[in-house]
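Student: fold the following.
(chains A and B)
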Amino acid sequence: DAKTTQPPSMDCAEGRAANLPCNHSTISGNEYVYWYRQIHSQGPQYIIHGLKNNETNEMASLIITEDRKSSTLILPHATLRDTAVYYCIGLEYGNKLVFGAGTILRVKS
Amino acid sequence: GAVVSQHPSWVICKSGTSVKIECRSLDFQATTMFWYRQFPKQSLMLMATSNEGSKATYEQGVEKDKFLINHASLTLSTLTVTSAHPEDSSFYICSAATGISYNEQFFGPGTRLTVL
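Tutor: Predicted coordinates for the structure are as follows:
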């Protein structure tokens, strides 16, 4: 699986967009970019995933660079409840999830 | 959406006793379930993968005789921590996958185990 690097922490003002970066320069052509988040003392929650096209769902948008070496998860209007650890995972179809350290996002009022 | 439950949500036990944790997929059939462990301020570490009706596959360094996994049905997997010791105190999380892809897993809320 591709190794990903994320900043250890970020702050975001409530109501503003939260942009969480992820570098995955060693990602292969078959590896998807998956995002999960974990709110304190809960199980992780799936957010979104993509291969090479940008993706959007009810939770977030995923922007993947054309060379697929990095991506950005966008929470368009962050709320206090979005405070969590966000994990970016490079994953080939059928392989196991491997969680890194993630980014602690703190949404502040 | 797909819901996974765990029971109990927390448990405190004495050193040397065994503890069983249940993981259930409530509204779907899970051919594969996963067990993770998370120590404070650390990330999730996969312990084992279990497929219904077959023996679990353990990750390197995880003792299969200490962490017994049973996946007897498509909606239930259990993890038994045998002869628990204080170093086994952790947050145990299960997840379930609906098909052949492991990628989209649905996670349970976790079980906090404290061994005194």
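Student: which parts of chain A are strands?
Tutor: A:9-13, A:18-23, A:31-38, A:45-50, A:55-56, A:61-64, A:70-75, A:84-92, A:103-108 (DSSP state E).
Student: interface residues of chain B facing chain A?
Tutor: B:4, B:6, B:34, B:43-46, B:49, B:91, B:93, B:95, B:100-110, B:112 (CB under 8 Å from any CB of the partner chain). Bear in mind the C-beta positions are built from the backbone N, C-alpha and C, glycine included.
Student: confidence score at residue B:92?
Tutor: Looking at residue B:92, its pLDDT is 98.
Student: any idea how far stretch A:43-57 is from the chain center?
Tutor: On the basis of CA atoms, centre = their mean, to the nearest Å, stretch A:43-57 sits 8 Å off its chain's mean C-alpha point.
Student: tell me which strands and helices the helix or strand of chain A with the lowest mean pLDDT is in contact with?
Tutor: Using mean pLDDT, DSSP states H and E, the weakest-scoring helix or strand in chain A turns out to be strand A:84-92, at a mean of 91. Using 3 or more CB pairs under 8 Å, 6 or more residues apart in numbering or on different chains; DSSP states H and E as the contact criterion, the elements in contact with strand A:84-92 are strand A:18-23, strand A:31-38, strand A:70-75, strand A:103-108.
Student: 6 Å - rerun?
Tutor: With contacts defined as 3 or more CB pairs under 6 Å, 6 or more residues apart in numbering or on different chains; DSSP states H and E, strand A:84-92 has these neighbours: strand A:31-38, strand A:103-108.
Student: could I get those strands as a markdown table with distance to residue A:8?
Tutor: Converted to a markdown table, these look like this (distance: least, CB to CB, whole Å):
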| stretch | distance to residue A:8 |
| --- | --- |
| strand A:31-38 | 15 |
| strand A:103-108 | 7 |
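Student: distance of residue A:21 relative to chain B?
Tutor: Using CB to the nearest CB, to the nearest Å, residue A:21 is found at 18 Å from chain B.
Student: nearest residue to that residue in space, please, no chain neighbours.
Tutor: Closest residue in space to residue A:21, ignoring its immediate chain neighbours: residue A:72 at 5.3 Å, by CB to CB, 6 or more residues apart in numbering or on different chains.
Student: now do the contacts for that neighbour.
Tutor: Taking CB atoms under 6 Å, 6 or more residues apart in numbering or on different chains, we find residue A:72 in contact with A:19, A:21, A:63.
Student: and with 7 Å instead?
Tutor: By CB atoms under 7 Å, 6 or more residues apart in numbering or on different chains, the contact list for residue A:72 reads A:19, A:20, A:21, A:63.
Student: show me what it is bridged to.
Tutor: Taking DSSP bridges as the rule, residue A:72 bridges to residue A:21, residue A:63.
Student: show the pLDDT at residue B:101.
Tutor: If you check residue B:101, the pLDDT there is 56.
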